[in-house]
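Participant: okay, structure incoming, though there's no sequence with it:
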């Protein structure tokens with residue numbers, strides 16, 4: 001998969017009254033190089049329609065597009081990959097469905113899960129939640145930046161830090177060794193989505209000397 005710096009997940013509850021595509025386009029223009037559609041409440045048909053439009057948008061800007069959970073939707077719109085959780089299909093089984101060319105990302109909350117994800121063939125892992133977050137209902141307790149340090153020492157596949165990351169605390173995440181950041185409410189809920197993304201990118205570049 002192409003390397004990335006800023007991973008943005010949809011969160012329509014954080015921008016009521018604003019169009020999904022408009023918000024995500026602003027995120028891309030600000031520097032987001034992965035967009036993930038996460039919709040755990042709407043019907044499959046609604047998720048498919050959103051995915052189809054986001055696939056068109058991300059293709060226009062040559063940005064990686066990931067669908068959370070809905071493997072069938074990801075395949076139907078030819079997304080670049082899927083993101084799954086610890087309670088979803090095992091990576092090996094998901095790989096049989098999506099094939100070797102699709103990206104598979106997995107959420108992890110402990111070093112044992114990260115090791116297993118790497119062994120099973122994940123293309124990248126999510127590491128978090130680093131801080132308390134309101135972006136998920138079934139969220140686990142914060143893993144803190146200590147987990148990032150563990151992953152940096154042991155894991156060779158790409159990882160993205162996620163969970164409660166804001167402009168005011170992202171420096172702690174980067175100092176722990178993360179080079180890729182995921183944010184939801186801080187980006188999509190911002191008055192100026194593009195500017196917030198640019199600020200995240202600048203902080204990442206400063207810390208990792210890009």
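Facilitator: Yep, that arrived. Remember, predicted model here, so these are calculated numbers, not experimental data.

Participant: could you pull up the contacting residues of the nearest residue to residue 4 once chain neighbours are set aside?
Facilitator: Excluding the flanking residues, the one nearest residue 4 by CB to CB, 6 or more residues apart in numbering is residue 33, at 4.3 Å. C-beta: built from backbone N, CA, C; applies to glycine. Going by CB atoms under 8 Å, 6 or more residues apart in numbering, residue 33 touches 2, 4, 5, 6, 7, 63, 64.

Participant: and the last one, backbone torsions?
Facilitator: What it means is residue 64. phi -70, psi 140 (degrees, to the nearest 10).

Participant: residues contacting it?
Facilitator: Counted by CB under 8 Å, 6+ apart, residue 64 has contacts 1, 2, 4, 33, 34, 35, 58, 80, 81, 103.

Participant: just give the number of residues close to the last one.
Facilitator: The burial metric for residue 103, expressed as a neighbour count using other CB atoms under 10 Å, is 20.

Participant: what separation do you get for the residue nearest to it when sequence neighbours are not counted and residue 175?
Facilitator: Spatial nearest neighbour of residue 103, excluding adjacent residues (CB to CB, 6+ apart): residue 81 at 2.7 Å. Counting by CB to CB, to the nearest Å, the gap from residue 81 to residue 175 is 29 Å.

Participant: could you check which of those two is surrounded by more residues?
Facilitator: residue 81 (21 against 12).

Participant: give the contact list for that one.
Facilitator: If you count contacts by CB under 8 Å, 6+ apart, then residue 81 has 1, 64, 65, 66, 67, 74, 98, 102, 103, 104, 105, 123 around it.

Participant: and residue 89, by the same measure?
Facilitator: Residue 89 touches 71, 97, counting by CB under 8 Å, 6+ apart.

Participant: which strands or helices does the longest helix seen in the chain pack on?
Facilitator: Secondary structure assigned by DSSP state H gives helix 44-61 as the longest helix of the chain. In terms of contacts (3 or more CB pairs under 8 Å, 6 or more residues apart in numbering; DSSP states H and E), helix 44-61 is packed against helix 20-30, strand 34-37, strand 64-68, helix 71-76.

Participant: if you count contacts, what does the longest one end up packed against?
Facilitator: Secondary structure elements in contact with helix 20-30, counted by 3+ CB pairs under 8 Å, 6+ apart, are strand 6-9, strand 34-37, helix 44-61, helix 185-188, helix 193-208.

Participant: so the longest one versus helix 20-30, what angle?
Facilitator: Just to be clear, that refers to helix 44-61. 30 degrees (axes from the mean of the first three to the mean of the last three CA atoms, to 10 degrees).

Participant: give me the distance from helix 44-61 to the chain's centre.
Facilitator: 16 Å (CA atoms, centre = their mean, to the nearest Å).
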